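**Q** Just a sequence and a predicted model for now, questions to come.
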Amino acid sequence: MRPRKGNLSFLVLIAAIAMLPVLTSNSYVISIMCFVAIYGTLALGMGVLLEHAGIFSLAHPTWFGLGAYFAGIVAIRGIAPAWAGILIGAVCVGLIAYLIGAPLLRLKGYYLTCASFAVLLIFEITFAQFSSITGGHEGLMGIPRLTIGTIVFRKDIHYYYLSWGLCLACFCFLYNLMNSRIGRAIESLHDSEVASSCMGINVARFRLLTFILTAVMASLAGSVFCFYIRFTMPTIYGFALLLEVLTMIVIGGGKKLYGPLVGAFIMIWLRELLHGLMRRILPVMTSEVDAIFFGIAVIVILIFAPHGLSGSLAAFVNKYRRSA
Amino acid sequence: MSLWSEIVQYTISGITSGSIFAIIGICWSFVYLIAKVMNFATGEFVMLGGMITWSLSLKGFGLLQSAVIAILSTTVIAAIVERTVIRPIKHGTELTYIIATIACASVIKGIALLMWGSETRLVKPFFKSEPFQVLGATLNPQVLCVIGYLVIVTGSLALLLNYTLFGKGLRTCALNQINAELIGVDTKKMRLFCFMLAGGLASATGIVTAPITFTGYEVGLLTGLKGLIAAIVGNWTMIGTVSVAMGLGLVEAFSAGFISSGLKDLFTLLIVIIFLVLRTLTFLPGRRWIK
Amino acid sequence: MTSVNCNGQEPLLAIENVGKNFGGINAIMSLNFCLQVGGTVSLIGPNGAGKTTLINVVTGVYAPDRGTVHFFGEQISGKPAHIVASKGIGRTFQLGEFFDSLTVLGNAMVGCHTQGRSGLIPCGLRLRSAKREEENVRETALENLRLVGLEKRAIESISQLPLGERKLVGIARALGMKPRLLLLDEPAGGLAHHEVEKLVYVIRTLVNRGITILLVEHNMPFVMAVSERIIVLDRGLKIAEGPPTEIRCNPDVVRAYLGEEY
C-alpha cells in the first residue's frame, strides 16, 4: 500500500534527477552524481541484506568487483559486445553467488560474518594474484566504451542516465518486492526464523534468494562502474569498499529502503567537500584518510541517530503528522 | 635446505604466527564474551603497539621504555574507545557495535598513516644474541619471547578468571549481564577493564612480534582477522582459540613455504571457510571456558 | 498407516511412540495418542514434561528421535517445518516469536504465505496477478484479525500492543494458513483475566469453524473451560487421558503436579 504522499514525492524526485543535467552542464556535478547512483545501488542491496533480511554477509562488495571484472574482461578481450559483458557478468555472478551462498548461508550469526569476510578477502587476493586474466595489482586499463548497438556511451551524461536508470529500477523492484508476499517473507527471516518456517516459509531458500538477487544488482552496478571509469583495480573492491558501503548504510539508515541511497548521496558529496577543504592542509587524501572522517561521522550517527538520517527523518515526519 | 629442515622451519614460523593469532584471538573473545562487543579495533591495537614503540625508540627512548609507554598509551586509547564510543550507544545491537568498532579501527588506522607514513618499519629485537640452529632450521630468539609471552598470558588469565573474586565477576558478566548487575557486579567497569586488557595485550603482542615481522599502518587488518577467526572457530574458549590459532599459523606457514607466499592468505582463508561449512554438517558441542 | 488405537476412524493426528532427546536429556520418552477431527484437546503437565517439545516435533521444528507422527494418514515427522505448515498445521509460540519489524497486519499477512503463489518477478514488477493476490491476502488477514477482534489495530507496530493482544495476533497469524489443526503453546500465559475470557471466546469460535485445536497450558480454569479432552504428560510420558472431570480427580495427575504428600 503506497501512501499517496509518498508517491508524489517519489515522482518529484525522479523528475529532479532527470532534469539535473538540463539545469546544470557542470560535468563535475554530473560525474559525482553518477558515482552516487552506482554506489547507491550497491548500498541499497546491502541494506536490504543486512537490515531487512538479517543476513550478516560482508561479501557484498565482491559481487560489485566481479561484475566490474567480468564486464571489463569481456570488453577488452572482445569476447562479446560491451553490453553483453554486463549481462554475462550478471549471470556469472548470480551463479557464483548461488554456489557460494548455498553452503555459506547455512552458517549462523558470526560464523557467516566471518566466512563472508573471508570470501571478500579471498576475491581481493584472487583479483590481485591471477594477473594473466585480471591484470594483477595494476588491474585492467583501457576498457573500451560501452556500446549498445550503434549507441556509444561517450559522455558523462550518458552514464548519468544509465546509472540512475539502473539505480531507480533496482529501487522500484526492491520496493515492490518488499511490499509483497516475498518481501514479508524476507523481513520475517530477520526477526524469527523459527516462526518464519512454521508459517510455511522455506528459510534457506529465501535467504539464498535475497543473497543472489542483491548480488546480481551489485554486479550490474559494478559493470556500469567499470565502463564509466574505464579501468579496474583489485584494491577498489576490498575492505575499503566494504567500509564505504557500511558507512552509507549507517549514515543513511537501514530501516527505510531509500536510507542507503541518502547515505550514498551524503557520503560522496561530503567526501568531495572534504577533499576540497583539506587539499591545502593535507597533501594526500587517500581512502584511509577519508576513513578517519567517515569513521567519526559513523560513530556520531550511531550515538545520536541510530536509525540513520532516514530514520530520523521518518521519526520527525511522524511527529509532525501526529501534532498536525 | 633439506625437506626436513624446511618442515622444521615452517613449523617454527607457524608456531610463532600461531601464538600471535592466539593472543589476539583471546583479546577478541575476552571483549566479546564479557562486554558483548565484537571489537574490530583489536587489530589496530596490535599495530599501535609496534608503531608507537618504533617511533619512540627512534626519538631516543630505550627499547624497554618505549615498549612500556606504548602499552600504556594503547591501553588508554582502548579505554577512550570504550568511553566515547561504546558507552554512549544506547540500545546497541551487535551489528551496531561491530560497525562502531570498525569505524574506530578506520579512524586509528588513518591517523597512524598520517603520523607515521605508509612504509613498513623495523623494531630492534629484544636480545642481541644471534639466531641459532635447531634441527637444521634457524631459530630467532625473538620467537622464544613470543611463545613465552603466550604462556604467561594464558596462565595469568586462567588464574585471574578462576581464582580471584574479580575474575568471578567477569565470568558472571559473560553469563548474564542483567543478573550480574542485580547481584552488584559493575558491568560497565568490567567492560572497561576488558577493553583496556585487550588494548594492553594486543599492543604487547604487536611489540613482541615487531622485530620478526615488519610493522606498518596496515598490519592491523589481516592479523586482527586471523585472531578473530581463531576465536570464532575455537568457539570462544581459551583452549579452542589457542589450538585453532596454532592450526592457522601452521597452515599459513606451510602454504607460504610450499605453495606460494602470495597465495598463503588465500589458502588459509579457504581452509577456514571449508572448515566452518563442514562444521554445520556435523554437530560439534561447544564448551565455554566460563561455566 | 498407524497402529495406535484411534477408535477406528482415520485420525487427524496420530502420535506413535514418539521420543526426543537433547544431549543426555530425555524430553519425550515415548508418547502415543490420537486426535480426532473437531474439538479442543489440552496437553497439560508440570514444567519439563515435554509439552513444547511435542509441539515442536509435530510442527517439524525438530525431527523425533523415535516414532512417527501422521497427519490424516500422511507421515509428517522428519519433514522440515515449512512443509508441515503447508499441509495445514498452524501454531503459536510460547514466547510469541513475533515479527517486530512488521505491523500487526503484516504479521497476519505473513501467515497467509502458503496461500499465495506469486514469485520473485511478479512481485518485483507488481504484475496484475501479484496485485490481485495481494488484495486477497490482505482481505483474509483482516478477516482473521476481525475474528480475534484486532482489526482496528492493523496498521500499528506489533511491539506497541500489550501481551494479550499480541498473542491474539499470533493466533490470527496462524489462521492465515487455513489450518485444519491449530497448536497453541501456552496461549493464556501472562494474560489478565479479561484477556483469558476473550481467548476462550476466540477458541470456541475457531472450533465452531471446524478447526481442531491442541493446546498446551498451565492455567487450569482456562483448560477446564475449553477442553473436551485432556492429556497429561509428566517427564516425557503420558500419564493420563480423558475428559476434564476425570482428570481432575486422577491421583496420578495430582501426584505429578503437587508431589507425593498430597
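**A** Thanks, I have the structure now.

**Q** Quick one: residues contacting B:L201.
**A** Contacts for B:L201 (C-beta atoms under 8 Å, 6 or more residues apart in numbering or on different chains) come out as B:I23, B:I26, B:C27, B:V153. For the C-beta atoms, the positions are set from N, CA and C on the backbone; glycine is no exception.

**Q** Quick one: mean pLDDT over whichever helix or strand the last one is part of.
**A** Here B:V153, judged by DSSP states H and E, is contained in helix B:141-163. With pLDDT averaged residue by residue, helix B:141-163 scores 83.

**Q** Then stretch B:246-262?
**A** The pLDDT scores in stretch B:246-262 average 82.

**Q** Now the one residue sitting closest to the centre of chain A: which helix or strand?
**A** Nearest residue to the geometric centre of chain A (C-alpha atoms, centre = their mean): A:L42, 0.6 Å. Element membership of A:L42, judged by DSSP H and E, is helix A:27-47.

**Q** next SSE after that helix?
**A** helix A:60-77.

**Q** Which of the contacts of B:L201 fall within helices?
**A** If you go by DSSP state H, those have B:I23, B:I26, B:C27, B:V153 in helices.

**Q** Let me have these in a markdown table, extended by distance to A:H60 and neighbour count.
**A** As requested, the ones in helices among the contacts of B:L201 are exported to a markdown table (distance: C-beta to C-beta, whole Å; neighbours: other C-beta atoms under 10 Å in any protein chain shown):
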| residue | distance to A:H60 | neighbour count |
| --- | --- | --- |
| B:I23 | 31 | 27 |
| B:I26 | 30 | 28 |
| B:C27 | 27 | 32 |
| B:V153 | 36 | 19 |
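
**Q** and stretch B:189-197, is it in reach of chain A?
**A** No: judged by C-beta under 8 Å from any C-beta of the partner chain, stretch B:189-197 makes no contact with chain A; its nearest approach is 15.1 Å.

**Q** quick revisit: now the helix holding B:V153: buried residues?
**A** Within helix B:141-163, the residues that qualify as buried are B:Q142, B:V143, B:C145, B:V146, B:I147, B:Y149, B:L150, B:V153, B:T154, B:L157, B:L161, counting by 16 or more other C-beta atoms under 10 Å in any protein chain shown.

**Q** packing partners for it?
**A** Helices and strands touching helix B:141-163, by 3 or more C-beta pairs under 8 Å, 6 or more residues apart in numbering or on different chains; DSSP states H and E, are helix B:3-35, helix B:165-175, helix B:187-209, helix B:238-258.

**Q** Quick check: residues of the stretch 1-150 of chain C near chain A?
**A** Going by C-beta under 8 Å from any C-beta, the residues of the stretch 1-150 of chain C near chain A are C:59-61, C:80-82, C:85-86, C:90-91, C:93, C:97-102, C:106, C:109-114, C:116, C:118-120, C:123-126, C:130, C:133-134, C:137.

**Q** Show me the helices in the stretch 201-324 of chain A, by range?
**A** Applying DSSP state H, counting those that start in this stretch to the stretch 201-324 of chain A gives helices spanning A:203-229, A:239-252, A:259-278, A:287-304, A:308-323.

**Q** quick check: angle from the longest one to helix A:27-47?
**A** This means helix A:203-229. Angle, helix A:203-229 to helix A:27-47, by axes from the mean of the first three to the mean of the last three C-alpha atoms, to 10 degrees: 170 degrees.

**Q** Could you pull up the mean pLDDT of helix A:203-229?
**A** In this model, helix A:203-229 has an average pLDDT of 93.
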